[in-house]
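K.L.:
no FASTA, just this:
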C-alpha cells in the first residue's frame, strides 16, 4: 500500500513498517541531489518534525517524518550515491524504514490518486 503526504513524501506500508522517501515530483523540483543526511537507526521520529535532509545543486530541503515511529533501517546506498534518490526516488532511492507507533496514523495520508491530483 502506498501513501503520500502534502510535503511530497511517499510511504510503502508493509504491516507496521513504512519505507519512506521523497516523491518523483519532489525529486524533479530539487534537481540533481548531491548530499543526503538520514536519521540514525533507532531514532524516534515524531510526525511533522524534520527527519532527513536532501541537498541539491539548487537547495537543501528537509524531509519530514510523515508518521511517528522508530527508524529500523536507512538506505546506505542513497548516502553513498545521493543522485540515486533523484533517478529512482520511489524505488531504489528510498530513504529510511520506520516501525510505526500507530498504524491508524496512516489514515490522514493521501492515496496515489489523491496525491496525483494534489501535485498538479
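P.N.:
Alright, I've got the coordinates. No experiment lies behind these values; they were computed from the predicted model shown.
K.L.:
so for the residue positioned nearest the centre of the chain, what's the nearest residue that isn't a sequence neighbour?
P.N.:
The residue lying closest to the centre of the chain (CA atoms, centre = their mean) is residue 21, at 2.5 Å. Of all residues not flanking residue 21 in the chain, residue 94 sits nearest, at 4.2 Å (CB to CB, 6 or more residues apart in numbering). Yep, even glycine has a C-beta here, placed from its N, CA and C like the rest.
K.L.:
what score does the one you found have for pLDDT?
P.N.:
pLDDT recorded at residue 94 is 97.
K.L.:
could you do residue 85 as well?
P.N.:
Predicted confidence (pLDDT) for residue 85: 94.
K.L.:
so it touches residue 36, yeah?
P.N.:
Yes: with contact defined as CB atoms under 8 Å, residue 85 reaches residue 36; the gap is 6.3 Å.
K.L.:
what sits in contact with each of these two?
P.N.:
Contact criterion CB atoms under 8 Å, 6 or more residues apart in numbering; residues shared by residue 85 and residue 36: 54, 78, 95.
K.L.:
residue contacts, the residue nearest to the centre of the chain?
P.N.:
Applying CB under 8 Å, 6+ apart, we find residue 21 in contact with 9-10, 85, 89-90, 93-95.
K.L.:
and it, bridged to which residues?
P.N.:
Note on residue 21: beta-bridge partners residue 10, judged by DSSP bridges.
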